[in-house]
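S.K.: predicted coordinates and the sequence they were generated for:
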Amino acid sequence: MPLEELYTLYLQHPVVCTDTRQLSEGCLFFALRGITFDGNKFALQALESGAAYAVVDDPEVAVQDDRLLLVADVLQTLQQLAHHHRKALGLPVIAITGTNGKTTTKELTAAVLSRGYRLLYTEGNLNNHIGVPLTLLRLRAEHQLALIEMGASKLGDIAELCAIAEPDYGLITNIGEAHLEGFGSLEGVRKTKGELYESVRSRGGVLFVHADDPTLLEMSRGAERVITYAEHVPALVEGGVAPHDGELFLHFRWIAPALPFPLQEVRTHLVGDYNLPNALAAIAIGLFFDLPVVLINEALSSYVPSNSRSQLILSPRGNRIIADAYNANPSSMRTAIHNFLHIPPTDAPRILILGDMNELGQESDQAHQRLWTELLQYGTRQPLRVLLCGPRWVTLRRGEGETFASVQELKAHLEAHPLSESLILVKGSNGIHLSELLPLL
């Protein structure tokens with residue numbers, strides 16, 4: 001089916017679904033294929049469940065109903081349709097990527113921009129080759145801005161997403177050691193994340209750059225306009241952590257030296273001073289889009305994280321839990337642990353519950369060993385209990401210490417030996433499922 005004809009049908013049925021378990025009446029169903037499934041097999045079921053049409057790429061399926069629309073490749077068609085829709089509406093698009101902090105930065109930026117604009121932004125972590133087009137297809141004429149999170153696990157991923165979304169504005173939070181299995185090296189990460197800068201630069205767009213990072217500054221050269229934010233060097237938005245007496249939440253001050261207002265102070269619900277650049281990024285974007293300072297501060301102070309991302313949980317057992325179990329790589333793990341260990345001392349025991357760091361490829365064993373060596377050094381400075389979970393840690397430690405092969409084993413241990421009145425950091429890759437431990441803590 002020609003794209004223009006499909007777009008006409010989409011405008012008549014502007015809700016897109018890819019899962020028969022979550023169908024909306026009158027939607028367009030896209031029969032995506034995966035490694036273990038073929039959506040074509042569910043196309044008729046989608047029609048029976050209320051879909052107006054189903055887009056398929058299996059000719060044998062397509063002949064079974066007039067409402068089955070045959071295309072060469074369903075995924076490619078979904079992406080092309082999203083790109084066509086983005087171009088047809090012509091709304092400004094902001095894209096955010098980076099190794100660590102991109103989802104938190106996206107959420108903070110969304111909180112800020114929503115104070116003054118009708119904003120569409122990425123929900124959850126729909127930031128890949130399927131999630132980005134699905135997000136763009138939620139754009140409506142009443143929106144004024146789109147904020148798109150872009151994730152990557154291999155070379156070329158960001159370029160592919162930029163070709164779909166054509167962002168006018170771009171921000172890279174940082175470049176670190178993650179998904180090395182797909183990228184091959186840290187240079188591969190840098191090159192792939194840099195594809196966002198290249199895309200925005202090619203359209204004469206604006207880059208928002210963390211000026212404390214010399215790599216990002218160098219990569220941003222050649223852009224027509226760069227908006228900087230920083231903690232340690234001069235920038236258009238400058239900020240620093242404010243003094244605090246033992247509180248876990250980020251409390252900071254900021255100023256934009258070129259603008260006529262005094263030093264600002266914000267108390268957030270984010271755990272960890274490492275979230276300061278994420279907050280400054282949201283401020284820089286908010287100022288660029290002419291949001292009043294008071295609304296920016298209100299948005300940041302009222303945002304409450306969820307889904308185990310820098311989230312503080314006060315448990316009935318008297319534990320204070322820093323839940324950061326959605327993702328982990330060497331740089332984010334090191335930063336989270338450093339912040340945890342620099343929380344001012346209290347009488348509460350400190351406990352680290354650490355899961356494997358996945359998708360590191362050949363670097364995996366070495367990365368886990370380096371982290372363990374650092375943990376041993378930390379342990380000499382203050383009492384620290386460490387519980388390790390996952391097959392990598394089991395292999396590395398060979399049964400020494402408190403090591404558990406799976407979250408099920410660790411859950412059984414915690415049920416038999418519950419923790420109470422402790423300060424606990426839970427950090428690991430999402431695939432280890434450490435979030436399942438939270439009800440036991």
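M.R.: Received it, and whenever you're ready, just let me know what you need. The shown structure was predicted, so the numbers you read here are calculated from the model rather than taken from an experiment. Numbers count the residues shown, from 1 in each chain.

S.K.: centre-most residue in the chain?
M.R.: For the chain, the residue sitting closest to the mean C-alpha position, by C-alpha atoms, centre = their mean, is residue 103 at 2.9 Å.

S.K.: surely it is in contact with residue 306?
M.R.: No: Residue 103 is beyond contact range of residue 306, at 10.8 Å (criterion: C-beta atoms under 8 Å). Where you see a C-beta, it was placed from the backbone N, CA and C, and this is true even at glycine.

S.K.: before we move on, back to that, residues contacting the residue nearest to the centre of the chain?
M.R.: Going by C-beta atoms under 8 Å, 6 or more residues apart in numbering, residue 103 touches 125, 127, 149, 309, 326.

S.K.: in the host helix or strand of it, what counts as buried?
M.R.: Using DSSP states H and E, residue 103 sits within helix 102-113. Neighbour counts using 16 or more other C-beta atoms under 10 Å place 102-113 of helix 102-113 among the buried residues.

S.K.: and the next helix or strand past that helix?
M.R.: Using DSSP H and E, the helix or strand that directly follows helix 102-113 along the chain is strand 119-121.

S.K.: who touches that next one?
M.R.: For strand 119-121, the external contacting residues (C-beta under 8 Å, 6+ apart) are 106, 109-110, 113, 135, 138-140, 143-149.

S.K.: care to break the chain down by domain?
M.R.: Split into domains by automatic domain parsing, the chain comes to 3-74, 90-302, 311-440.

S.K.: return the most buried member of these.
M.R.: domain 90-302 (a mean of 20; mean count of other C-beta atoms under 10 Å).

S.K.: ends of that one, how far apart?
M.R.: End-to-end span of domain 90-302 (C-alpha to C-alpha, to the nearest Å): 31 Å.

S.K.: quick one: that domain to chain centroid distance?
M.R.: Here the centre of domain 90-302 is set off from its chain's centre by 11 Å, with C-alpha atoms, centre = their mean, to the nearest Å.

S.K.: could I get the average pLDDT for it?
M.R.: Average pLDDT, domain 90-302: 93.

S.K.: got it, and stretch 375-388?
M.R.: On average, the pLDDT along stretch 375-388 is 79.

S.K.: same check, this time on stretch 5-17
M.R.: The average pLDDT within stretch 5-17 is 97.

S.K.: contact partners of it?
M.R.: Under the criterion C-beta under 8 Å, 6+ apart, residues 23-24, 26-30, 46, 51-53, 55, 69, 71, 77-78, 81, 84-85, 88, 134, 137, 140 lie in contact with stretch 5-17.

S.K.: tell me what the host helix or strand of residue 364 is packed against?
M.R.: Assigned by DSSP H and E, residue 364 belongs to helix 364-379. Under the contact criterion of 3 or more C-beta pairs under 8 Å, 6 or more residues apart in numbering; DSSP states H and E, helix 364-379 touches helix 330-341, helix 391-397.

S.K.: what lies in contact with it?
M.R.: Counting contacts by C-beta under 8 Å, 6+ apart, the residues outside helix 364-379 that touch it are 177, 330, 333-334, 337, 341, 352, 354, 356-357, 360, 384, 386, 392-393, 395-397.

S.K.: what lines up beside the next helix or strand after it in the sheet?
M.R.: Sequence-wise, the next helix or strand downstream of helix 364-379 (DSSP H and E) is strand 385-389. Sheet partners assigned to strand 385-389 using DSSP bridges are listed as strand 350-355 (parallel), strand 403-404 (parallel).

S.K.: got the ones you listed as TSV, with distance to residue 236 columns?
M.R.: Putting the strands paired with strand 385-389 into TSV (distance: least, C-beta to C-beta, whole Å) gives the following:
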stretch	distance to residue 236
strand 350-355	37
strand 403-404	47
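
S.K.: would you reformat those strands as JSON lines and include mean pLDDT and distance to residue 368?
M.R.: Formatted as JSON lines, these follow (pLDDT from 0 to 100; distance: least, C-beta to C-beta, whole Å):
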{"stretch": "strand 350-355", "mean pLDDT": "94", "distance to residue 368": "9"}
{"stretch": "strand 403-404", "mean pLDDT": "94", "distance to residue 368": "12"}
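
S.K.: closest one to residue 189 among the ones you listed?
M.R.: Nearest of the strands paired with strand 385-389 to residue 189, taken as C-beta to C-beta: strand 350-355 at 21.2 Å.

S.K.: distance from the closest one to the middle of the chain?
M.R.: 22 Å.

S.K.: relative to residue 314, how far out is the residue nearest to the centre of the chain?
M.R.: The spacing between residue 103 and residue 314, counted by C-beta to C-beta, to the nearest Å, is 23 Å.

S.K.: equivalent analysis for residue 190, please.
M.R.: Remark: distance between residue 190 and residue 314 (C-beta to C-beta) = 39 Å.

S.K.: what's the answer for residue 342, then?
M.R.: To residue 314, residue 342 is 20 Å away according to C-beta to C-beta.

S.K.: which residues are in contact with residue 403?
M.R.: Residue 403 makes contacts with 387-389, 393-394, 397, as judged by C-beta under 8 Å, 6+ apart.

S.K.: farthest-apart pair in the residues you listed, please.
M.R.: By the measure C-beta to C-beta, 387 and 394 form the most distant pair in these, at 12.2 Å.

S.K.: ok so, going back, could you dump the contacts of residue 103 to CSV with distance to residue 156 and secondary structure?
M.R.: Output for the contacts of residue 103, formatted as CSV (distance: C-beta to C-beta, whole Å; DSSP: H, G, I helix; E, B strand; the rest coil):
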residue, distance to residue 156, secondary structure
125, 20, coil
127, 15, coil
149, 18, strand
309, 27, coil
326, 25, coil
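
S.K.: before we move on, back to that, just the C-alphas of the helix holding residue 364, formatted as CSV.
M.R.: This file holds the C-alpha atoms of helix 364-379, laid out as CSV (Å, rounded to 0.1, in the frame of the first residue of the first chain):
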residue,chain,number,x,y,z
SER,A,364,32.1,-7.5,31.5
ASP,A,365,34.4,-9.5,33.8
GLN,A,366,37.0,-6.8,33.9
ALA,A,367,34.4,-4.1,34.7
HIS,A,368,32.9,-6.2,37.5
GLN,A,369,36.3,-6.9,39.0
ARG,A,370,37.3,-3.2,38.9
LEU,A,371,34.1,-2.3,40.7
TRP,A,372,34.7,-5.0,43.3
THR,A,373,38.2,-3.7,43.9
GLU,A,374,36.8,-0.2,44.5
LEU,A,375,34.2,-1.6,46.9
LEU,A,376,37.0,-3.2,49.0
GLN,A,377,38.7,0.1,49.3
TYR,A,378,35.4,1.8,50.3
GLY,A,379,34.9,-0.9,52.9
